[in-house]
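K.L.:
what's the 3D shape of this:
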Amino acid sequence: MNRIVTAAAHPNLAVVKYWGKADPRLNIPTNSSLSVNLGSARTTTTVSFSPDLEQDVVRLNGAAADDRTAERVARHLDRVRRLAGRTERALVDSTNDFPAAAGIASSASAFAALSLAASRALGLRLSERELSILARQGSGSACRSIPDGFVRWEAGQDDASSYAYQVAPPEHWDLRITTVIFSDQPKEVSSSDGHALAQTSPFFGARLAGLPRTLETVQAALLARDFPRFGLALEREAVNMHAIAMTADVGAAASGLYYWQATTMQLIQQVQAWRRAGLPVYFTIDAGPNVHLFCEAAQQAALEAELARLLPDMRARAIVSAPARGAWVMSEA
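P.N.:
Okay, here's the model as predicted:
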């Protein structure tokens with residue numbers, strides 16, 4: 001019996017990032033990573049399979065998906081069909097309530113929600129680990145949007161050993177993550193293309209060698225709720241990752257891969273000024289110009305007061321999130 005299943009997932013924000021893939025085909029990263037799900041942004045996806053469809057139909061935010069996106073979704077649906085031993089084509093209807101392709105992990109929430117909805121629509125009941133592996137095959141960081149709360153992705157060595165699991169539940173730490181959006185536009189260089197260039201940086205090996213210690217430092221600080229240690233480590237790690245992008249060999253057209261804008265750097269400097277003035281806030285930045293600010297919930301009002309004075313001149317807006325659950329089924333009929 002075919003089902004119509006709607007599932008949802010939040011994007012996740014890496015506090016220890018991966019940049020580079022050991023196996024691009026399987027989306028196996030060069031290093032393990034750590035993330036938190038962002039509760040104020042969501043992808044909602046409805047999937048139904050039908051023998052009457054001649055091909056998969058993919059709609060995003062109410063419009064037909066472009067050919068590249070539709071093909072990527074169809075490839076992922078093929079993975080689900082192989083698992084289920086089925087051949088029917090699918091209708092996929094997906095919506096985001098946040099900007100896609102601008103450095104807020106839209107592909108993570110999209111493929112997490114798609115993996116859950118499509119597998120359930122074909123009658124599969126995958127474990128969290130199995131679902132994480134499936135989501136990773138569609139988009140690497142999607143595996144981290146499957147479990148609840150604070151999540152670690154073990155890089156592993158092969159398909160079976162590269163998966164994500166919970167380190168702490170959402171309620172472990174009452175943090176607030178403020179995403180400051182400078183641009184809603186898709187990045188000129190996608191994260192996938194950036195990953196492919198990572199190992200051309202002369203500093204890639206040094207970053208990779210230091211990441212195990214960084215990961216353990218950030219995870220220990222997270223579990224101990226040691227905010228100064230946690231914040232400084234995640235901030236340094238983000239700058240480290242962007243240094244690899246900025247020193248990658250992208251050919252004759254540019255000296256490196258620059259995701260930051262002038263306002264990105266302006267906010268970085270402002271964050272450090274706030275800390276010197278006694279407001280404990282730290283930043284991280286994914287592949288894009290937008291900046292994610294971390295503070296404990298008790299400091300959120302003070303941070304928002306500062307941002308209210310700053311963001312209008314930057315022509316920026318903000319989304320405030322708390323740590324959130326992983327992917328879930330909203331309805332099944």
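K.L.:
tell me the contacts of the residue lying closest to residue 50 once chain neighbours are set aside?
P.N.:
Closest residue to residue 50 apart from its sequence neighbours, by C-beta to C-beta, 6 or more residues apart in numbering: residue 88 at 6.0 Å. C-beta coordinates here come from the backbone N, C-alpha and C atoms, glycine included. Each residue near residue 88 by C-beta atoms under 8 Å, 6 or more residues apart in numbering is listed here: 2, 49, 50, 51, 53, 81.
K.L.:
Turn those into JSON lines, columns for distance to residue 65.
P.N.:
Formatted as JSON lines, the contacts of residue 88 follow (distance: C-beta to C-beta, whole Å):
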{"residue": "2", "distance to residue 65": "22"}
{"residue": "49", "distance to residue 65": "17"}
{"residue": "50", "distance to residue 65": "18"}
{"residue": "51", "distance to residue 65": "22"}
{"residue": "53", "distance to residue 65": "15"}
{"residue": "81", "distance to residue 65": "18"}
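K.L.:
which of those has the most neighbours?
P.N.:
Among the contacts of residue 88, the one with the most neighbours (other C-beta atoms under 10 Å) is residue 49, at 25 neighbours.
K.L.:
ok, and it, which helix or strand is that part of?
P.N.:
Assessed by DSSP states H and E, residue 49 sits inside strand 43-50.
K.L.:
buried stuff in that strand?
P.N.:
Neighbour-count burial for strand 43-50, counted by 16 or more other C-beta atoms under 10 Å, picks out 43, 44, 45, 46, 47, 48, 49.
K.L.:
Please convert these to CSV, extending it with pLDDT and distance to residue 205.
P.N.:
CSV is the format used below for these (pLDDT from 0 to 100; distance: C-beta to C-beta, whole Å):
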residue, pLDDT, distance to residue 205
43, 96, 35
44, 98, 41
45, 98, 39
46, 98, 44
47, 98, 42
48, 98, 47
49, 97, 46
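K.L.:
quick check, nearest of the residues you listed to residue 146?
P.N.:
Checking these against residue 146 with C-beta to C-beta, the nearest one is residue 43 at 12.8 Å.
K.L.:
all helices for the chain, in order.
P.N.:
67-84, 106-121, 128-138, 191-197, 204-224, 227-246, 262-276, 300-314 (DSSP state H).
K.L.:
Out of those helices, indicate the one that is most buried.
P.N.:
Looking across these with neighbours counted as mean count of other C-beta atoms under 10 Å, the highest average goes to helix 106-121: a mean of 29.
K.L.:
helices and strands of this protein: which one bottoms out on pLDDT?
P.N.:
helix 191-197 (a mean of 90; mean pLDDT, DSSP states H and E).
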